[in-house]
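# Need a 3D model of the sequence below.
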Amino acid sequence: MTDSQAPVAPTGSNPVAAAPAGVRTAADVVTPEVIAQLTRGVAGSGRTANHTPFTGEKLADLPESTPEDVAAAFERARAAQPAWAATPVRARAAVLLRFHDLVLGRQQEVLDLIQLETGKARLHAHEEVQAVAVAARHYGRKAGSYLKPKRHTGVVPTLTKVTELRQPRGVVGQIAPWNYPFELSVGDALPAFVSGNAVVMKPDTETALTALWARDLLIEAGLPAEVFQVVLGEGPVVGPEVVKHADYVSFTGSTRTGREVAQGAAARLVGVSLELGGKNAMLVLKDADVEKAAAGAVRACFSSAGQLCISIERLYVHESVADDFVERFAARTKAMRLGNSLAYGADMGSLVGERQLETVSRHVAEAVEKGARLVAGGVARPDIGPLFYEPTILDGVEAPMAVCTEETFGPVVSIYRFRDEDEVIRLANATPYGLNSSVWTKDGRRGHAVAERLRTGTVNINEGYAPAYGSVQSPMGGMKESGLGRRHGSEGILKYTEAQTVAQQRLIPLAPSFGMDDEKYAAFMSRSLKAMKAFRLR
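Numbering: from 1, shown residues only. Down below sits the predicted model:
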């Protein structure tokens, strides 16, 4: 489509990004050959399909897994896992580093798939490429350090030799969501693989091609194919089967489903990590750079059309700068270009499904009906695609409006004004969620002081979400109802292992010896314990 052929946006609505000449289409990307290549080895005796949000058209026919198919996938993974675990850590890590290079070298392929399956803008799709490459590099370089045996001081120094080992859990069951189908599938699986596990992954069917592309590339990088199994199908059918067979469960999704996953894992006494919902707050303090905060709010609120667990849905602005901020933020929001082409240039893409569009429309309509004011957006854009909705700013939102407390998971943000920091920290924390938050101030020390009082797993100062999420040496996850466990850093890999302590006693036993009776042995040990404290032994 040329510039002259671009659809004309309604008056007062967000403009449409023009598609460049010669841009690829779904038919160019998802060919029968590509589908055949990506679905090789997928456990599925039935048939299902996925669709593109851009048009609603079918992308591919896919295998659909039955409970028996899921069980068979776990059997294959379990049979292959011991040999993979016996492979030296350095060799496993080398697979991740080769995968890193392949991802960056062939990123256009996966960017096309991410866009077609999620409807997001290409720059937002590239965030996934960045995140996966960073995780592959980090664990490719650091896995050996995280997993190496560690010496500890024994109960009797020099006489008790203690080593902590890290053993893989076995077969990890991973249930991945639709909103970030590259990063939240293979990005989470990489530390599981490098620590010696096999993985049976259930991606969302509508975004399965992206996950299957990642599997294909990992196999090309040297991962044994049987170690990475993929099962597809309806969540209520296939998801519980994954939990039923896994030695550890990794889940990203809604809090409601997360509770069900946790209950299923608990019944089997297997570990679980959960990244769940959020109602994330951004705090613009009175000394913030208003222009930078307004620009940052666009990124924080509308990346991937707001379909991001760590995006901002509540915007608290100090009353002294609120009018200026809202004016700048609204102007930037209204200028955002919406688009559906497989090319850079659009500022925001589509919602992913009818359910998301219904939730967004309902939250906005109810808020306006109860007295909230539309500052920007608030309308669907079927002229671009069936699931497009304009980036929306609401002012005057109050309880019990649904948008005030419920997670919208769409391009909608509410503005709230505050007077002092104690008040805004209380308001920001007044939610059952605790995933991410953002603080804007020119005073770094002040920003850190506020951050320490916010009950969220990550806090970003003078940015929305990317610095904390992208800093993969540090843990990322949620407090309260936003989840259990962490991805990234040491916690992100050690959760996929079992700690094993091996203690070797030398020379004398931990029992009466050398002619000591029980009383003399007890006195000897008491003196020894006092001496160890005096010598500051730990």
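# what's the span of stretch 453-468 from first residue to last?
17 Å (Cα to Cα, to the nearest Å).
# go on, stretch 348-358?
One end of stretch 348-358 to the other measures 18 Å (Cα to Cα).
# what's the spacing between it and its chain's center?
19 Å (Cα atoms, centre = their mean, to the nearest Å).
# Next, the buried residues of it.
Residues of stretch 348-358 classed as buried by neighbour count (16 or more other Cβ atoms under 10 Å): Met348, Gly349, Ser350, Leu351, Val352, Gly353, Gln356, Leu357. Where you see a C-beta, it was placed from the backbone N, CA and C, and this is true even at glycine.
# can you check stretch 436-454 too?
By neighbour count, with 16+ other Cβ under 10 Å as the criterion, the buried positions of stretch 436-454 are Asn436, Ser437, Ser438, Val439, Trp440, Thr441, Gly447, Val450, Ala451, Leu454.
# and the buried residues of stretch 348-358, which of them are in strands?
Using DSSP state E to define strands, no part of the buried residues of stretch 348-358 is located there.
# out of those, what pair is the most spread apart?
Checked with Cβ to Cβ, those reach their widest spread between Met348 and Gly353, with 16.3 Å between them.
# Who are the packing partners of the helix or strand that contains Met525?
If you go by DSSP states H and E, Met525 is part of helix 518-534. The helices and strands touching helix 518-534, judged by 3 or more Cβ pairs under 8 Å, 6 or more residues apart in numbering; DSSP states H and E, number zero.
# The residue nearest to the spatial centre of the chain in helix, strand or coil?
Nearest to the mean C-alpha position of the chain, by Cα atoms, centre = their mean, lies Leu184 at 4.9 Å. For Leu184, the secondary structure call by DSSP: H, G, I helix; E, B strand; the rest coil comes out as coil.
# cool, and the one 3 residues further on?
Assigned by three-state DSSP, the conformation of Gly187 is helix.
# For it, give its distance to Ser490.
Here the distance between Gly187 and Ser490 works out to 17 Å (Cβ to Cβ, to the nearest Å).
# Same question for Asp518.
In this structure, Asp518 and Ser490 are separated by 43 Å, where distance is defined by Cβ to Cβ.
# The two - which one has more neighbours?
Just comparing Asp518 and Ser490: by other Cβ atoms under 10 Å the higher neighbour count belongs to Ser490, 16 against 9.
# what's Gly410 in contact with, if anything?
With contact taken as Cβ atoms under 8 Å, 6 or more residues apart in numbering, Gly410 is in contact with Ala305, Gly306, Gln307, Leu351, Gln356, Leu357, Thr359, Val360, His363, Tyr389.
# Please apply the same query to Glu164.
Going by Cβ under 8 Å, 6+ apart, the list of residues near Glu164 reads Pro149, Lys150, Arg151, His152, Ala499, Gln500, Thr501, Val502.
# That one - that's part of a strand, no?
Yes. Using three-state DSSP, the assignment for Glu164 is a strand.
# Got phi/psi on the residue nearest to the centre of the chain?
When read as degrees, to the nearest 10, the backbone of Leu184 gives phi -90, psi 0.
# can you give me the helices for the stretch 101-250 of the chain?
Secondary structure of the stretch 101-250 of the chain (DSSP state H, counting those that start in this stretch): helices at 107-118, 122-147, 186-194, 208-220, 235-245.
# quick one: buried residues of the longest one?
Pointing back at helix 122-147 there. Applying a neighbour-count criterion of 16+ other Cβ under 10 Å, the buried positions in helix 122-147 are 122-129, 131-140, 142-143, 146-147.
# do the same with stretch 493-509
Of all the residues in stretch 493-509, those buried under the rule 16+ other Cβ under 10 Å are Ile493, Leu494, Lys495, Tyr496, Thr497.
# quick one: which of the residues you listed sit in strands?
The strands, defined by DSSP E, take in Thr497 from those.
# any chance of the buried residues of stretch 493-509 in CSV, with pLDDT and distance to Ala267 too?
Supplementary listing: the buried residues of stretch 493-509 in CSV, determined by pLDDT from 0 to 100; distance: Cβ to Cβ, whole Å:
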residue, pLDDT, distance to Ala267
Ile493, 98, 26
Leu494, 98, 24
Lys495, 98, 19
Tyr496, 98, 21
Thr497, 98, 22
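# And the buried residues of stretch 493-509, which is closest to Ile312?
Nearest to Ile312 among the buried residues of stretch 493-509: Lys495, at 27.3 Å, using Cβ to Cβ.
# Would you check how far apart that closest one and Pro168 are?
To Pro168, Lys495 is 11 Å away according to Cβ to Cβ.
# Ala293 now?
The span separating Ala293 from Pro168 equals 45 Å under the rule Cβ to Cβ.
# quick revisit: as JSON lines, the buried residues of stretch 436-454 with pLDDT and secondary structure would be great.
Below are the buried residues of stretch 436-454 laid out as JSON lines (pLDDT from 0 to 100; DSSP: H, G, I helix; E, B strand; the rest coil):
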{"residue": "Asn436", "pLDDT": "98", "secondary structure": "strand"}
{"residue": "Ser437", "pLDDT": "98", "secondary structure": "strand"}
{"residue": "Ser438", "pLDDT": "98", "secondary structure": "strand"}
{"residue": "Val439", "pLDDT": "98", "secondary structure": "strand"}
{"residue": "Trp440", "pLDDT": "98", "secondary structure": "strand"}
{"residue": "Thr441", "pLDDT": "98", "secondary structure": "coil"}
{"residue": "Gly447", "pLDDT": "98", "secondary structure": "helix"}
{"residue": "Val450", "pLDDT": "98", "secondary structure": "helix"}
{"residue": "Ala451", "pLDDT": "98", "secondary structure": "helix"}
{"residue": "Leu454", "pLDDT": "98", "secondary structure": "coil"}
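# Let me see the contact set for His245.
Val70, Ala71, Phe74, Val171, Gly173, Val200.
# mind checking how far stretch 446-460 is from the chain centre?
For stretch 446-460, the gap between its own C-alpha mean and the chain's C-alpha mean amounts to 20 Å (Cα atoms, centre = their mean).
# Other residues contacting it?
Residues lying outside stretch 446-460 but in contact with it, judged by Cβ under 8 Å, 6+ apart, are 280-281, 283, 285, 287, 310, 421, 425, 428-429, 434-441, 461-462, 465-469, 475-480, 482-483, 486.
# Could I get the CA-only coordinates of the helix holding Met525 as CSV?
What follows is the C-alpha trace of helix 518-534 in CSV, where atoms were taken according to Å, rounded to 0.1, in the frame of the first residue of the first chain:
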residue,chain,number,x,y,z
ASP,A,518,28.6,-39.1,76.4
GLU,A,519,29.1,-36.4,79.0
LYS,A,520,32.7,-35.7,78.1
TYR,A,521,31.7,-35.6,74.4
ALA,A,522,28.9,-33.1,75.1
ALA,A,523,31.3,-30.9,77.1
PHE,A,524,33.9,-31.1,74.3
MET,A,525,31.3,-30.0,71.7
SER,A,526,30.1,-27.2,73.9
ARG,A,527,33.7,-25.8,74.2
SER,A,528,34.1,-26.2,70.5
LEU,A,529,30.9,-24.3,69.7
LYS,A,530,32.0,-21.4,72.0
ALA,A,531,35.4,-21.3,70.3
MET,A,532,33.9,-21.2,66.9
LYS,A,533,31.8,-18.2,67.9
ALA,A,534,34.9,-16.5,69.4
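# Mind listing residues that contact it?
Residues from elsewhere that reach helix 518-534, judged by Cβ under 8 Å, 6+ apart: Val156, Pro157, Ala511, Pro512, Ser513, Met516.
# sorry, back to before: among the buried residues of stretch 436-454, which pair sits farthest apart?
Taking Cβ to Cβ as the measure, the buried residues of stretch 436-454 have their most distant pair in Asn436 and Thr441, spaced 17.1 Å apart.
# which residues are common contacts for Lys495 and Pro168?
Taking Cβ under 8 Å, 6+ apart as the contact rule, Lys495 and Pro168 touch no residue in common.
# quick one: the strands in the stretch 201-350 of the chain?
Secondary structure of the stretch 201-350 of the chain by DSSP state E, counting those that start in this stretch: the strands cover 228-230, 248-252, 271-275, 280-284, 312-318.
# Quick one: closest of these to Ala330.
Judging the strands of the stretch 201-350 of the chain by Cβ to Cβ, what sits closest to Ala330 is strand 312-318, at 11.6 Å.
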